[in-house]
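Engineer: how would this look folded up:
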Amino acid sequence: MLKCEILEPRGVADAAVIWLHGLGASGHDFVPVVPHLGLPDNHGVRFVFPHAPEIPVTINGGMVMPAWYDILAMSIEREIDLKQIKSSSAAVCELIQRELDAGIPSDRIVLAGFSQGGAVVYHTALAYPKTLAGLMTMSTYFPAAEEVQLSAANKTLPINIFHGTQDPMVQESMGHIAKQILQGMGFTPEYRAYPMQHEVCAEEIVDIGNSLKGWLKLG
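Structural biologist: Model prediction:
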C-alpha cells in the first residue's frame, strides 16, 4: 500500500479526502493547505496524502522521481504509460478500501488530485464501483479517458475542475478539454479558473473548502 501523510480530525473521522500530488512532489505538498480550507473545527474529515512511487520519467531524461506514471512525450494530448496510470489508480482504490474498512462510507469519500494526481483520480473515481462523495481535479488533464470503464454508481458524481489561466505546464485548454470529455460522458462538471500558473492560490483553496463543506455537509 502507498505510504501516506495522514491528518486526523480532532474527533472521530466520519469522512475522508484522498488527495494526490503532482509530478516530482510528495504527499507533504498539500498538508499545509488543510488549515486554510475554512472547515469547521468539528469537521470529522481524515485527509490522506499518498506519496507516489519513484520511477524514471522519460520527459525528464529518465530521471528517477516521484511520479504516478511515466510521461513519454509532452504533446498537448500527452503520451503516457497507460499501464502505470492504471496501477496508480488501483493503489488509490486500496486507500479507499482502507477507509471503508475503517468505517467511512464510500459516499463520504472525496478524491482530489493536482496535475498528474488529477489524471489518476479521474481514472479512479469514474470507474469506482461504489458511490463517492465527489471529485476535485486541479491543474490537470484527462489522458486516459478512452480507457475508463464508467461505473453506474458514480454516473452523477459531483466534479469540480480548477485550473490556472496562465499555466505553462498544463495549458488551460487541457482543462477545458477534460470538461468537454466529461460532459460527453454525461457528467455536469463545474469549471473554475484563476489568474495563476501551475500552482494553487488562496481563492482556489477557499473554493476547495466550500466544495468539501457542500459535498460532505459540514458546518
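Engineer: quick one: strands adjacent to the helix or strand bottoming out on mean pLDDT in the chain?
Structural biologist: Lowest on mean pLDDT, DSSP states H and E among the helices and strands of the chain sits strand 79-80, with a mean of 89. Note on strand 79-80: by DSSP bridges, its sheet partners are strand 71-73 (antiparallel).
Engineer: helix or strand for Pro56, which one?
Structural biologist: strand 54-57 (DSSP states H and E).
Engineer: What ranges in this structure fall below the confidence cut-off?
Structural biologist: Scanning the chain with the threshold set as pLDDT under 70 gives 76-77.
Engineer: my read is Val110 is in a strand, agree?
Structural biologist: Yes: assessed by DSSP: H, G, I helix; E, B strand; the rest coil, Val110 belongs to a strand.
Engineer: number of nearby residues for it?
Structural biologist: For Val110, the neighbour count with other C-beta atoms under 10 Å is 26. The C-beta positions use only the backbone N, C-alpha and C, and glycine is treated the same way.
Engineer: again, but for the one 3 residues further on
Structural biologist: Residue crowding around Gly113 was assessed by other C-beta under 10 Å; the count is 28.
Engineer: Surely it and Val120 touch.
Structural biologist: Yes: assessed by C-beta atoms under 8 Å, Gly113 is found in contact with Val120 at 5.9 Å.
Engineer: Now do the shared contacts for the two.
Structural biologist: The contact sets of Gly113 and Val120 overlap at Leu20 (C-beta atoms under 8 Å, 6 or more residues apart in numbering).
Engineer: was I right about Ser106 contacting Cys93?
Structural biologist: No: counting by C-beta under 8 Å, Ser106 stays clear of Cys93, with 11.1 Å between them.
Engineer: Same drill for those two, tell me which one is more crowded.
Structural biologist: Under the criterion of other C-beta under 10 Å, the comparison of Ser106 against Cys93 puts Ser106 first, with 18 against 15.
Engineer: any idea which residue sits dead centre in the chain?
Structural biologist: For the chain, the residue nearest the mean C-alpha position is Gly113 (2.1 Å; C-alpha atoms, centre = their mean).
Engineer: Are we agreed that that one is in a helix?
Structural biologist: No: counting by three-state DSSP, Gly113 is not found in a helix; it is strand.
Engineer: Any idea what it is bridged to?
Structural biologist: In this entry, Gly113 is beta-bridged to Leu20, Thr137, by DSSP bridges.
Engineer: who touches it in this structure?
Structural biologist: Listed by C-beta under 8 Å, 6+ apart, the contact set of Gly113 reads Trp19, Leu20, His21, Ala119, Val120, Val121, Tyr122, Met136, Thr137, Met138, Thr140.
Engineer: now it: how far from His21?
Structural biologist: Separation of Gly113 from His21 (C-beta to C-beta, to the nearest Å): 8 Å.
Engineer: which one's the longest helix in this structure?
Structural biologist: helix 82-101 (DSSP state H).
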